[in-house]
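Enquirer: got a sequence here, can you model it:
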Amino acid sequence: MSMTPPTGPMCTRESLAAELREIGVLPGETLLVHSSLSSLGWVCGGPEAVVQALFDALGDDGTLVVPTHSGDNSDPAKWGNPPVPETWWADIRASMPPYDPRTTPTRGVGVIPETVRNWPGAVRSAHPQTSFAALGPRATAIVDGHTLNCQLGERSPLARLEEAEARILLLGVGFATCTAFHLAEYRIPAPQVDNSFAVMTPQGRRWSTVRDISISDERFGDLGAAFEKERPVFQGKVGAAETRLFSLADAVAFAEVWLAEHRPRTAST
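Expert: The predicted model follows:
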């Protein structure tokens, strides 16, 4: 057990809910949340209290959506953090557990999405690498129809969130985590690549390879800085966390123009 005293501020479900309302989270809306628990300070009740506070701010008619990505279900030939020996690749492809929306854990998105994924009533989309989980009246409509050859494009929850006029809450994280910017990549010229993963089919487990758009978060921080200079972004503090709240559709529309100009990519097949 760590003997280091906790750093504040101390946050409670009630204080977090009040600050979420103050920054502009509205009852009944659909909200995509990217988050960092440690950025908030010391939270009494941990990630469960954060999720409860989000529900308190959204109310019974609101829908909470989080990324529940599991990018380790991928071709080991592309791993770099860390890489694995080439002699292992075939065995990894043969042995990687297939994606199961009920049990596959999240990776690299923080403990709050993992808490939402396990929440009673949560539903999760079908992509083995870039799934989203949701809770609330619009949850099923948001996560349904996530196809294997569309990580974050028109047949992903991001497009359904755009249709639902969702907003994005960056809770203690920066624009580099803003997955909605990837939806813009599908709407401008971009190369296609092979994408591989283990899935479960009616015939059993299968290692599958599909063609999809090559996605990259390169310069998303610069894109976000430009976006908040020109478009409405509510900023404030929740606990100790720097927090931003803005329209998903607005962010995607801005990113389409900005990426085409500042990070052009040549489409290929």
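
Enquirer: can you give me the end-to-end span of stretch 130-150?
Expert: Using Cα to Cα, to the nearest Å, the span of stretch 130-150 from its first residue to its last is 9 Å.

Enquirer: list the residues that contact residue 16.
Expert: 40, 43, 49, 50, 53, 238, 239 (Cβ atoms under 8 Å, 6 or more residues apart in numbering). The C-beta positions use only the backbone N, C-alpha and C, and glycine is treated the same way.

Enquirer: how much space between the first one and residue 92?
Expert: Computed with Cβ to Cβ, to the nearest Å, the distance linking residue 40 and residue 92 is 36 Å.

Enquirer: the more surrounded of those two?
Expert: Between residue 40 and residue 92, counted using other Cβ atoms under 10 Å, the more crowded position is residue 40 (28 against 16).

Enquirer: residue 239 touches residue 19, doesn't it?
Expert: Yes. Contact criterion Cβ atoms under 8 Å: residue 239 and residue 19 qualify, at 7.0 Å.

Enquirer: what's next to the helix ranked longest in the chain, contact-wise?
Expert: Ordering each helix of the chain by length in residues (DSSP state H) puts helix 248-262 first. Identification of contacts with helix 248-262 by Cβ under 8 Å, 6+ apart yields 32, 158, 161-162, 165-168, 178, 180-181, 183-185, 187-189, 219, 222-223, 226-227, 230-232.

Enquirer: quick one, helices of this protein?
Expert: Under DSSP H, the chain gives helices at 13-23, 46-58, 89-95, 111-117, 139-143, 157-163, 180-185, 220-230, 248-262.

Enquirer: pick out whichever of residue 239 and residue 19 has more residues nearby.
Expert: Legend: neighbour count by other Cβ under 10 Å for residue 239 and residue 19, higher for residue 239 (23 against 20).

Enquirer: return the residues in contact with residue 25.
Expert: 31, 54, 57, 58, 169, 245.

Enquirer: what's the neighbour count on residue 44?
Expert: 12.

Enquirer: and it, what is it in contact with?
Expert: 10, 11, 12, 13.

Enquirer: hang on, the second one packs against residue 39?
Expert: Going back to what we said before, that points to residue 11. No. With contacts counted by Cβ under 8 Å, residue 11 stays clear of residue 39, the gap being 10.6 Å.

Enquirer: which one of the two has more residues nearby?
Expert: Comparing residue 11 with residue 39 by other Cβ under 10 Å, the one with more neighbours is residue 11, at 22 against 16.

Enquirer: show me what that one is bridged to.
Expert: With DSSP bridges applied, residue 11 shows beta-bridge pairing to residue 43.

Enquirer: check contacts around the most centrally placed residue in the chain.
Expert: Central residue of the chain (Cα atoms, centre = their mean): residue 67, 2.8 Å from the mean position. Remark: with contacts taken as Cβ under 8 Å, 6+ apart, residue 67 is in contact with 32, 34, 106, 109, 113, 130, 131, 132, 179.

Enquirer: what about the first one, how many neighbours?
Expert: Residue crowding around residue 32 was assessed by other Cβ under 10 Å; the count is 25.

Enquirer: if it is in a bridge, with which residues?
Expert: Bridge pairing for residue 32 (DSSP bridges) gives the partners residue 65, residue 168.

Enquirer: do I have it right that it meets residue 168?
Expert: Yes. Because the distance of 5.0 Å satisfies Cβ under 8 Å, residue 32 is recorded as touching residue 168.

Enquirer: overlap of the contact sets of these two?
Expert: Joint contacts of residue 32 and residue 168 (Cβ under 8 Å, 6+ apart) are 180, 248.

Enquirer: so for the closest residue to residue 75 other than its chain neighbours, what's the pLDDT?
Expert: For residue 75, ignoring the flanking residues on the chain, the nearest one in space by Cβ to Cβ, 6 or more residues apart in numbering is residue 196 at 4.2 Å. Confidence at residue 196, expressed as pLDDT, is 98.

Enquirer: how close does residue 196 get to residue 145?
Expert: 21 Å.

Enquirer: ok, the two, which is more surrounded?
Expert: residue 196 (19 against 15).

Enquirer: if I pick that one, what's in contact with it?
Expert: Counted by Cβ under 8 Å, 6+ apart, residue 196 has contacts 74, 75, 93, 207, 208, 209, 210.
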